[in-house]
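my questions concern the predicted model and sequence given below.
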Amino acid sequence: MTMPSGREWLFSVKTFAASMLALYIALALGMPRPYWAMATVYVVSHPLTGATPSKGVYRAGGTLLGASAAVLLVPWLVNQPVLLSAVVSLWTGSLLYLSQLDRTPRNYLYMLAAYTLPMIAFGAVGSPAEVFNIAVARTQEILLAIACASTVAALVFPGRVAPVLDQRMGVWLRDAAAWATEALQPGQVPGASRHQLATDILALDQFIGQLAYDTASVDVVRHARELRWRLSLLLPMLSSLQAALAELRQLPQGLPAGLEQALAQVADWMQNLDAQAAPLTGLHWQNPDGSGPAGSDWPAVLTQHTLARLHTLVCLWQDCLALRQRIARNNHGRTGLDDWAPAYRRQHLDSQARHVDHGMVVFSALSASALSFVLCLLWIETGWQQGASAVIMGTITACFFAAQDEPARAQRGFFGWTCVGMLLTSVLLFYVIPATHDFETLVLVLALPFLPLGTLALRPSFAPMAMTLTVCTASFLGLSGAYDANFADFVNSNLAGIAGAFGALVWTLLTRPFGTGLALRRLVRSLWRDLVRHAWGRHQTEHAALGAMGDLMLDRLSLLLPRLAASAHDRVTDGFSELRVGFSVLDLQGSGAPASPVGQPLRRVLGAVAAHYRARLNQTPHPHAAQALGQRIDRALHTLARQDSPQARQARHALAELRITLCPGRPAPARALVTPEPTRSPTA
């Protein structure tokens with residue numbers, strides 16, 4: 001492990017200063033639990049200034065929501081402990097469900113509300129008349145912490161989101177260029193860059209969520225979304241181009257003359273990020289948009305399809321570069337962003353569509369709710385005086401990691417570092433802090449563990465450990481206006497919390513033995529179901545639903561690829577084939593109007609695509625299904641070969657994509673196979 005950098009030390013010092021400021025003000029105002037303010041600073045602090053208030057705003061909202069619910073419920077149900085436990089558990093599950101539906105920073109509001117209610121309600125059951133005072137104190141201390149963290153972040157070397165975004169864009173574009181090199185050059189084996197690009201897109205989503213809170217970045221948000229959209233489109237485009245080139249190289253005649261040189265030129269252009277201020281020049285296209293008759297032979301159709309994909313790739317990349325330049329120009333106080341004319345345009349994509357696995361979300365929410373209720377019943381039956389701490393910590397542990405595919409792994413680390421935090425706290429509380437006599441010496445003593453731990457918060461591999469140790473240590477210390485630590489009370493209370501974390505871990509091991517594999521299968525099957533549904537679309541009203549299909553599938557792919565990389569296998573799918581088929585279905589649905597001459601053969605192809613994925617869903621593949629599908633595609637291509645309308649060109653490229661994806665390596669069709677089939681009703 002390397003020594004902390006200057007940026008890491010700066011973040012640690014700022015966070016520690018904000019926590020001490022919050023602690024000092026809470027002590028000066030006589031708040032009952034000043035340590036809540038100190039711990040909350042470590043929860044909401046972020047190296048980027050815009051992220052700190054965004055997290056703080058939603059934490060404040062979640063605290064207010066949970067505290068209000070506690071004030072309403074506890075006086076009514078305090079004499080019915082089982083009913084109170086059931087209501088609080090249902091609240092936790094419901095709010096946790098809502099938090100998992102939203103992948104923006106807003107989900108923090110629901111997460112906080114989910115476990116704030118049990119924190120306040122169960123802490124007040126012994127003195128229900130004090131629930132309002134406890135709720136008010138909790139809210140005040142949280143708001144104080146948010147104010148201190150936001151003020152320090154904004155005034156002391158503020159870290160704006162937008163300049164960091166510019167640096168990260170360079171990394172993301174290099175990842176995209178690395179995959180482009182794999183796709184365009186012969187003999188390259190697909191590596192980790194395609195998975196990394198999907199991870200980059202998820203990271204860009206997080207940055208866009210924080211940009212809205214960076215006051216100097218209002219104009220950047222829209223262009224960051226445009227960049228995210230185009231980086232997402234690079235995924236199917238590069239995969240499609242790679243597959244088309246592989247098909248071309250397998251033909252007896254190989255690549256057309258000059259295409260290999262054009263591929264090398266594009267690859268070099270994409271890799272040289274620092275020198276790209278102008279569009280690619282000197283590249284000669286042969287009908288890059290697919291205009292003109294394609295010819296009835298497969299090599300001609302495939303060549304034109306490859307050139308069109310290469311042209312689209314260049315347009316997408318040029319847009320990415322232009323957007324990066326304009327975002328950087330805005331970061332330096334220069335405007336002029338609205339004059340941008342994109343090189344690539346595509347209609348009917350809804351950039352707000354996001355995938356939600358409602359089945360897994362409901363299951364994880366019910367699991368956390370059931371855990372909370374079971375812990376409450378054990379607390380009631382045993383009459384354990386410190387049982388509330390076990391219920392609270394168990395609920396918090398379940399909520400924190402509910403959205404993960406394998407929460408037990410993270411919970412195991414959380415439990416271990418919580419135990420370490422208790423040991424560290426005991427040393428500080430009973431051996432070090434008694435030697436302090438004023439606030440200044442207390443700050444010096446606390447700086448010894450908190451400053452080094454704070455530097456680890458910016459390292460992804462150490463961030464969970466640093467967060468757990470800082471927050472748990474600040475909470476376990478229980479600092480107040482006077483030193484009144486009692487070893488027996490300390491051990492009983494904190495052992496109860498550790499027992500709750502351990503109970504959550506055991507519960508997860510028993511109820512969620514599955515992991516990433518299940519999430520992978522469910523994602524893939526959701527892709528297959530969408531393909532069946534949209535390939536069978538018959539009415540214009542259904543075509544409106546296709547608007548969200550493309551971006552929804554892109555979002556699913558960005559979720560699928562990191563899981564494929566983590567599981568180290570792609571036996572079910574590589575994730576890209578469904579995406580390419582989905583975009584082809586989208587284009588065919590827009591090209592094959594019922595009254596058009598090509599409508600009938602295109603509907604037959606779509607029916608065959610739907611039947612193919614229905615068979616995969618039902619695990620009943622037909623031995624000759626691929627051959628029949630290939631024949632229908634070849635017949636449709638023959639029908640379109642001599643047409644030159646925009647709809648015909650769009651349909652030709654979509655059919656070529658389907659042939660490459662679903663019938664890889666299929667020989668070029670013989671003349672007898674491209675005779676239009678007789679008119680009849682389409683079948684599955």
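Perfect, I can see it now.

okay, CA-based contacts and neighbour counts for the rest of this
OK.

can you give me the mean pLDDT across stretch 30-45?
For stretch 30-45, mean pLDDT rounds to 92.

for that stretch, C-alpha coordinates in PDB please.
Provided in PDB are the C-alpha atoms of stretch 30-45 (Å, rounded to 0.1, in the frame of the first residue of the first chain):
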ATOM      1  CA  GLY A  30     -25.900  21.200  25.000                       C
ATOM      2  CA  MET A  31     -27.200  18.700  22.500                       C
ATOM      3  CA  PRO A  32     -27.900  15.300  24.100                       C
ATOM      4  CA  ARG A  33     -25.900  13.200  21.700                       C
ATOM      5  CA  PRO A  34     -23.100  15.300  20.100                       C
ATOM      6  CA  TYR A  35     -21.400  12.200  18.800                       C
ATOM      7  CA  TRP A  36     -24.300  11.800  16.300                       C
ATOM      8  CA  ALA A  37     -23.100  15.000  14.600                       C
ATOM      9  CA  MET A  38     -19.500  13.900  14.600                       C
ATOM     10  CA  ALA A  39     -20.300  10.500  13.100                       C
ATOM     11  CA  THR A  40     -22.700  12.000  10.500                       C
ATOM     12  CA  VAL A  41     -19.900  14.200   9.100                       C
ATOM     13  CA  TYR A  42     -18.000  11.100   8.100                       C
ATOM     14  CA  VAL A  43     -21.100   9.700   6.400                       C
ATOM     15  CA  VAL A  44     -21.900  12.700   4.200                       C
ATOM     16  CA  SER A  45     -18.400  14.000   3.400                       C
END
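
so which other helices or strands are in contact with the helix or strand encompassing Ala37?
Taking DSSP states H and E as the definition, Ala37 sits inside helix 34-44. Helix 34-44 is packed against helix 6-28, helix 51-77, helix 131-155, helix 463-477, with contacts defined by 3 or more CA pairs under 8 Å, 6 or more residues apart in numbering; DSSP states H and E.

which of those helices comes out lowest on mean pLDDT?
For these, where the average pLDDT is lowest is helix 51-77, sitting at a mean of 88.

could you tell me the angle between it and helix 34-44?
Relative orientation of helix 51-77 versus helix 34-44 (axes from the mean of the first three to the mean of the last three CA atoms, to 10 degrees): 130 degrees.

show me which positions of helix 51-77 end up buried.
Buried residues in helix 51-77, counted by 16 or more other CA atoms under 10 Å: 51-71, 73-75, 77.

now Trp317: how far from Arg228?
12 Å (CA to CA, to the nearest Å).

any common contacting residues for the two?
Shared contacts of Trp317 and Arg228, defined by CA atoms under 8 Å, 6 or more residues apart in numbering, are absent.

list the buried residues for stretch 120-128?
120-125, 128.

with stretch 628-639 instead?
Buried residues in stretch 628-639 (16+ other CA under 10 Å): 629-639.

pLDDT (mean, whole number) over that stretch?
87.

got the domain ranges for the chain?
6-159+357-511, 161-331, 517-674 (automatic domain parsing).

save those as a markdown table, and put in distance to Ala341 too.
Shown next, in a markdown table, are the domains of the chain (distance: least, CA to CA, whole Å):
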| stretch | distance to Ala341 |
| --- | --- |
| domain 6-159+357-511 | 29 |
| domain 161-331 | 9 |
| domain 517-674 | 21 |
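
and of those, who's closest to Trp340?
domain 161-331 (8.2 Å; CA to CA).

buried residues in stretch 496-511?
Those would be 496-505, 507-509, for stretch 496-511 by 16+ other CA under 10 Å.

the helices in the stretch 551-684 of the chain, which residues?
576-591, 599-618, 625-640, 646-662 (DSSP state H, counting those that start in this stretch).

the inter-axis angle of the longest one versus helix 625-640?
Here the directions of helix 599-618 and helix 625-640 differ by 160 degrees (the same axes, to 10 degrees).

now do the first one
Angular relation of helix 576-591 and helix 625-640 on a 0 to 180 degree scale: 40 degrees, by the same axes, to 10 degrees.

centre of the chain to helix 576-591, how far?
On the basis of CA atoms, centre = their mean, to the nearest Å, helix 576-591 sits 24 Å off its chain's mean C-alpha point.

for it, buried residues please.
576-589, 591.

nearest to Arg525 among those residues?
Glu578 (10.2 Å).

ok, now how distant is the closest one from Leu560?
The value you get for Glu578 to Leu560, if CA to CA is used, is 11 Å.

same question for Gly497.
36 Å.

just to revisit the earlier point, of all the buried residues of stretch 628-639, which comes closest to Leu307?
Leu637 (17.3 Å).

chain neighbours aside, what residue packs nearest to the closest one?
Nearest-residue entry for Leu637: Arg652, 6.3 Å, with adjacent residues in sequence omitted and distances by CA to CA, 6 or more residues apart in numbering.

follow-up on the earlier one: which one's more surrounded, Trp317 and Arg228?
Trp317 (25 against 21; other CA atoms under 10 Å).

who touches the more buried one in this structure?
Met270.

ok, it to Met270 distance?
On the measure of CA to CA, Trp317 and Met270 end up 8 Å apart.

ok, Thr436 touching Leu442?
Yes. Using CA atoms under 8 Å as the test, Thr436 is close enough to Leu442 to be in contact (5.8 Å).

settle it for me: which of those two has more neighbours?
Between Thr436 and Leu442, counted using other CA under 10 Å, Leu442 has the larger neighbour count: 16 against 13.

tell me the contacts of that one?
433, 436.

could you redo the last one with a cut-off of 6 Å?
Contacts for Leu442 (CA atoms under 6 Å, 6 or more residues apart in numbering) come out as Thr436.

do the same with Ser85
Per CA under 6 Å, 6+ apart, neighbours of Ser85: Phe373.

ditto for Thr104
Gly209.

can you check the one 4 residues further on too?
Residues in contact with Tyr108, defined by CA under 6 Å, 6+ apart, are Tyr58.

spatially nearest residue to His622, not counting backbone neighbours?
Excluding its sequence neighbours, the residue lying closest to His622 (CA to CA, 6+ apart) is Ala615, at 7.6 Å.

per-residue confidence at the spatially closest residue to Ala651 that is not a sequence neighbour?
Excluding its sequence neighbours, the residue lying closest to Ala651 (CA to CA, 6+ apart) is Leu588, at 5.5 Å. If you check Leu588, the pLDDT there is 85.

chain center to stretch 155-173: distance?
19 Å.

rewinding a little: list just the nearest of the buried residues of stretch 628-639 to Gly665.
Looking across these and measuring by CA to CA, the closest to Gly665 is Gly630, at 10.8 Å.

that closest one and Pro621, how far apart?
In terms of CA to CA, Gly630 sits 15 Å off from Pro621.

same question, Ser94
Counting by CA to CA - Ser94 and Pro621 are separated by 40 Å.

which one of those two has more residues nearby?
Using other CA under 10 Å as the criterion, Ser94 and Pro621 rank with Ser94 on top: 19 against 15.

for that one, pull up the helix or strand it's in.
Ser94 belongs to helix 81-101, assigned by DSSP H and E.

the next helix or strand after that helix to helix 131-155, inter-axis angle?
Proceeding N to C from helix 81-101, the next assigned helix or strand is helix 107-123, under DSSP H and E. Interaxial angle of helix 107-123 relative to helix 131-155 (the same axes, to 10 degrees): 140 degrees.

reduced to three states, what does Pro252 come out as?
In three-state terms, and counting by DSSP: H, G, I helix; E, B strand; the rest coil, Pro252 is coil.

give me the nearest residue to the residue nearest in space to the middle of the chain, chain neighbours excluded.
By CA atoms, centre = their mean, the mean C-alpha position of the chain lies nearest to Leu202, the distance being 4.5 Å. Spatial nearest neighbour of Leu202, excluding adjacent residues (CA to CA, 6+ apart): Ser558 at 6.8 Å.
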